[in-house]
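Trainee: generate coordinates for the sequence data below:
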Amino acid sequence: MRDNRQPRKREKRPPKPLDSARLQELALAYVARYSTSSHKLEAYLSRKLRQKGWDDEGEPDVKAISARYVELGYIDDAAYAKMKAGGLLNRGYGARRVSQALYAAGIDEHIREDVAPDEFTKREAVQTMARKRRFGPYFAPKFEGDALERDRREKQIAALLRAGHGFDMVRAVMSAKDAGAVDEWVAEAREEEF
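Mentor: Alright, predicted model coming up:
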């Protein structure tokens, strides 16, 4: 005869509350593992405190822990912003998207302005995304006679705008007659810088 009873689920034990030492260990492990900003470290520690609770004297001082790691050089918001901006731009995202990502990471406005891309970098980023996604002049037809229809072109423009590029940049790439014209447009910005 079969036993039709459901096996009893093991009850989860509540997580052990944090104390000062454990909170410091969590902060150090997070900083060692991830490149982060002071704001992101504070958000992480606050989330862990909500999940596990606090079992020590006084209130946990998350800001002090973050400030101490900044002082020790474990966290550098400017270096993080430069790294994050460079990574996003190299992947083809625009200036607006870079600024939004840095704002979400809690980077100060003056640091965001310092790492804002110049004209050449903006053009290079929109070219990178268009080339990677085969937009506009980089469109490669799959079948003979396959052309870039109006609705596909509009979707490509929308994708470039969502990626954070300005409309002028998008228009310049999408209206280029071929990839060589886009290369020249990007090169013009480099020449203007010097």
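
Trainee: helices of the chain, start to end?
Mentor: 20-33, 38-52, 62-72, 77-90, 95-104, 109-114, 119-133, 150-162, 167-174, 179-193 (DSSP state H).

Trainee: other SSEs contacting the last one?
Mentor: Spelled out, it's helix 179-193. helix 119-133, helix 167-174 (3 or more C-beta pairs under 8 Å, 6 or more residues apart in numbering; DSSP states H and E). (C-beta placed from N, C-alpha, C; glycine too.)

Trainee: deepest of the helices of the chain, which one?
Mentor: helix 119-133 (a mean of 20; mean count of other C-beta atoms under 10 Å).

Trainee: looking at the most centrally placed residue in the chain now. What's its pLDDT?
Mentor: Nearest residue to the geometric centre of the chain (C-alpha atoms, centre = their mean): A101, 4.9 Å. The per-residue pLDDT reported for A101 equals 96.

Trainee: spit out the contact partners of it.
Mentor: 84-85, 88 (C-beta atoms under 8 Å, 6 or more residues apart in numbering).

Trainee: and the helices of the chain as a markdown table, adding distance to F139?
Mentor: Listed next are the helices of the chain as a markdown table, based on distance: least, C-beta to C-beta, whole Å:
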| stretch | distance to F139 |
| --- | --- |
| helix 20-33 | 41 |
| helix 38-52 | 39 |
| helix 62-72 | 47 |
| helix 77-90 | 22 |
| helix 95-104 | 23 |
| helix 109-114 | 34 |
| helix 119-133 | 9 |
| helix 150-162 | 8 |
| helix 167-174 | 10 |
| helix 179-193 | 10 |
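
Trainee: quick one, which of those helices is nearest to Q6?
Mentor: Q6 lies closest to helix 38-52 among the helices of the chain, at 28.8 Å (C-beta to C-beta).

Trainee: now I107. Nearest residue, chain neighbours left out?
Mentor: Nearest residue to I107 in three dimensions, chain neighbours excluded: A81, at 4.8 Å (C-beta to C-beta, 6 or more residues apart in numbering).

Trainee: M83 now?
Mentor: Sequence neighbours aside, S35 is the residue nearest to M83 in space, at 6.4 Å (criterion: C-beta to C-beta, 6+ apart).

Trainee: can you give the domain ranges for the chain?
Mentor: Domain assignment of the chain by automatic domain parsing yields the ranges 20-75, 78-193.

Trainee: tabulate these (JSON lines), appending distance to K12.
Mentor: JSON lines is the format used below for the domains of the chain (distance: least, C-beta to C-beta, whole Å):
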{"stretch": "domain 20-75", "distance to K12": "13"}
{"stretch": "domain 78-193", "distance to K12": "32"}
